[in-house]
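1. Sequence and predicted structure are below.
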Amino acid sequence: MKKISILKYDLKKVPVTKKTLIHRALYGYTDHSNKGNYTYTRKGALSTLKYTKISNSVLMMSTKDVESITPLFKRYKIKVHIIDLIRP
């Protein structure tokens, strides 16, 4: 049996600039410099983890990986609902 967790976070009342920072911190982004001549891929917190995006603001991942993501939500003061499940 495999332990998985479903994370649901809410960004409805968050300003757009803060939403962008949160999404960049989670998923990463591509940075362009010198008028687009150079591109850099910036990794996010989920870049090294195996996860499934169920819908907007809902992620499914291994329970052991949740501990590495929760400090990110605490830093940005985002409420997260975590549901732990056991999958056969």
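-> On my side now, so go ahead. Because the structure is a prediction, the values reported are computed rather than measured. Numbers count the residues shown, from 1 in each chain.
2. which SS class is the residue most central in space within the chain?
-> The centroid of the chain falls nearest to Leu26 when counting by Cα atoms, centre = their mean (3.4 Å). Under DSSP: H, G, I helix; E, B strand; the rest coil, Leu26 falls in the helix class.
3. residue ranges for the helices of this structure, please.
-> Defined through DSSP state H, the helices belonging to the chain, from first to last, are 16-27, 63-75.
4. Would you format the ones you listed as CSV with distance to Asn56 and mean pLDDT included?
-> Yep, even glycine has a C-beta here, placed from its N, CA and C like the rest. What follows is the helices of the chain, written out as CSV (distance: least, Cβ to Cβ, whole Å; pLDDT from 0 to 100):
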stretch, distance to Asn56, mean pLDDT
helix 16-27, 11, 94
helix 63-75, 16, 92
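5. Redo the ones you listed as TSV? Include distance to Lys35.
-> Below are the helices of the chain laid out as TSV (distance: least, Cβ to Cβ, whole Å):
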stretch	distance to Lys35
helix 16-27	21
helix 63-75	32
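6. between those, which gets nearest to Thr41?
-> Thr41 sits nearest to helix 16-27 of all the helices of the chain, at 11.4 Å, using Cβ to Cβ.
7. wait, what's in contact with Ala45?
-> Ala45 sits next to 25-26, 68-69, 72 when contact means Cβ atoms under 8 Å, 6 or more residues apart in numbering.
8. Leaving out sequence neighbours, find the closest residue to the residue nearest to the centre of the chain.
-> Taking Cβ to Cβ, 6 or more residues apart in numbering, and ignoring the residues beside it in sequence, Leu26 has Gly44 as its nearest neighbour in space, at 5.1 Å.
9. do Arg87 as well
-> The shortest distance from Arg87 to any residue other than its chain neighbours is 4.7 Å, reached at Lys2 (Cβ to Cβ, 6+ apart).
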